[in-house]
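# Prediction below, plus the sequence it came from.
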Amino acid sequence: MLLAFLCIVLAWVQTQPADSAALLRQGDAAASERKWHDAELAYQQAVDANPSSAQAHIKLARAEEAISRGSDDPAE
């Protein structure tokens, strides 16, 4: 189910590369699989596409925190 969702999101991002909502969903899909580097990239692209998006900034910070801690859970 998650793989199907990820495929749909990736297709959406390819057709709308500057769509911050699509990039957030791509990051969410990666984060749900604990693929923090992929999530970080998608969230950074979402911030670049929409710098005023607080949600994108928050999710980017959480992904960066998970990477820096080497953690599966950014809230640890």
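Sure, I can see it. Residues are numbered from 1 along each chain as shown.
# what about S71, which helix or strand?
Per DSSP states H and E, S71 falls between elements, in no helix or strand.
# who's in contact with it?
E65 (CB atoms under 8 Å, 6 or more residues apart in numbering). All C-beta atoms are positioned from the backbone trio N, CA, C, and that covers glycine.
# Kindly report the same for A63.
G27, A31, W36, A39, E40, Y43, P74.
# how about 7 Å then?
A31, W36, A39, E40, Y43, P74 (CB atoms under 7 Å, 6 or more residues apart in numbering).
# secondary structure element for it?
With DSSP H and E as criterion, A63 is part of helix 54-69.
# low-confidence ranges in the chain?
Across the chain, the ranges flagged by pLDDT under 70 are 1-3, 5-17, 72-76.
# can you pull out the strands in it?
For the chain, no strands are identified by DSSP state E.
# Distance of the nearest residue to E40 once chain neighbours are set aside relative to R34?
Spatial nearest neighbour of E40, excluding adjacent residues (CB to CB, 6 or more residues apart in numbering): A63 at 4.2 Å. Taking CB to CB, to the nearest Å as the measure, A63 falls 10 Å from R34.
# ok, now S53?
Plainly put, S53 is 23 Å away from R34 if you go by CB to CB.
# between those two, who's got more neighbours?
Of the pair S53 and R34, S53 is the one with more neighbours under other CB atoms under 10 Å, namely 18 against 13.
# Let me see the contact set for the most centrally placed residue in the chain.
The residue lying closest to the centre of the chain (CA atoms, centre = their mean) is G27, at 1.6 Å. Applying CB under 7 Å, 6+ apart to G27 gives the contacts A39, A42, Y43, A46, K59.
# Among those residues, which pair sits farthest apart?
A39 and A46 (10.3 Å; CB to CB).
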